[in-house]
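[1] this one's structure only:
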């Protein structure tokens, strides 16, 4: 399972590099902040599971929630960029 998460993060990072040129500054900033937060939560949840404080399912739920929040932050940044583009017309 650890390998799968690492592989997913690496794949997402590689894909985001290809799409970064199309993103606006707000979207990029919000995406970066969300991803950093998700990484911190992942590390904390992993440590908690390793210490027996939470189950594997609870760890997965914590990480999923953090990743969902990161996605929402990215979408908010994209909406901000779209609004700025529309206002400039």
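    Right, received. Where do you want to start? Fair warning: this is a prediction, and the values are worked out from it, not measured in the lab.
[2] Look through this protein and tell me its longest helix.
    What stands out as the longest helix in the chain, according to DSSP state H, is helix 56-87.
[3] Relative to the whole chain's centre, how far out is stretch 28-38?
    For stretch 28-38, the distance from its own C-alpha centre to the chain's C-alpha centre is 6 Å (C-alpha atoms, centre = their mean, to the nearest Å).
[4] May I see the buried residues of it?
    By 16 or more other C-beta atoms under 10 Å, the buried positions in stretch 28-38 come out as 28, 29, 30, 31, 34, 35, 38. C-beta coordinates here come from the backbone N, C-alpha and C atoms, glycine included.
[5] Spell out which helix or strand contains residue 52, please.
    Secondary structure assignment for residue 52, by DSSP states H and E: no helix or strand.
[6] average pLDDT for the longest helix of the chain?
    Regarding helix 56-87, the rounded mean pLDDT is 94.
[7] if we can go back for a sec, out of the buried residues of stretch 28-38, who's nearest residue 60?
    residue 38 (12.9 Å; C-beta to C-beta).
[8] Touching, that closest one and residue 67? I think so.
    Yes - the criterion here is C-beta atoms under 8 Å, and residue 38 meets it with residue 67 at 5.1 Å.
[9] which residues do the two both contact?
    Here residue 38 and residue 67 have no joint contacts, going by C-beta atoms under 8 Å, 6 or more residues apart in numbering.
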